[in-house]
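[1] output the structure for:
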Amino acid sequence: MSQQQIDDFIEMMGLITQTDGGPRIAGRIFGLLLIEGGPMTLQAMADRLKISKASASTNARLLADRSVVRLTSRPGERQDLYEIEPNPYQNMIEGLSAGYRKTAKKLVDAERAFPENMTDAKTRIRELSHFYETTVEMLDELAKRFPEQG
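    Sure thing, here's the model as predicted:
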């Protein structure tokens, strides 16, 4: 595989993440770590992606908060290292599920707050809540298809 193909893959991961509502740089970091397969320092990521170390740090922490990458270290190494989590795909699904679960609860609470005479609006809100609840169930089942690794 040529360096250009690798660069194109990394950029594609950035665009995918951006399309999904995340920062493009976070997707590029994820793509780089997928390609490299091992831990990388923030400076190495910044140099490779031609971004600032601060941007690499901010986006690596975001990915760590989402349990896609993790902070690690090597004996004698003073710099922070990041690597792909052992099971990032299950973690991604569980993150989506948690967000949808919160949305479903908000909708249930909102529907209850509407006056009883707004039956049509309450019904539509209840249907939307049901959509989110059903999606949570499906995501939870899907997460089971990605057993823990490592």
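
[2] helix, strand or coil for the residue of the chain positioned farthest from its centre?
    Distance to the chain centre peaks in the chain at residue 117, reaching 40.6 Å (criterion: Cα atoms, centre = their mean). Classification of residue 117 using DSSP: H, G, I helix; E, B strand; the rest coil returns coil.

[3] all strands of this structure, in order?
    With DSSP state E, the ranges of strands along the chain come out as 40-41, 69-72, 81-84.

[4] adding mean neighbour count, write the ones you listed out as TSV.
    Glycine gets a C-beta too; all of them are placed from N, C-alpha and C. Shown next, in TSV, are the strands of the chain (neighbours: other Cβ atoms under 10 Å):
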stretch	mean neighbour count
strand 40-41	21
strand 69-72	17
strand 81-84	19
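
[5] domain parsing for the chain?
    Under automatic domain parsing, the residue ranges defining each domain of the chain are 3-84, 88-143.

[6] just name the most buried of the ones you listed.
    domain 3-84 (a mean of 16; mean count of other Cβ atoms under 10 Å).

[7] how long is that one end to end?
    Taking Cα to Cα, to the nearest Å, domain 3-84 runs 21 Å from one end to the other.

[8] all good on my end, thank you.
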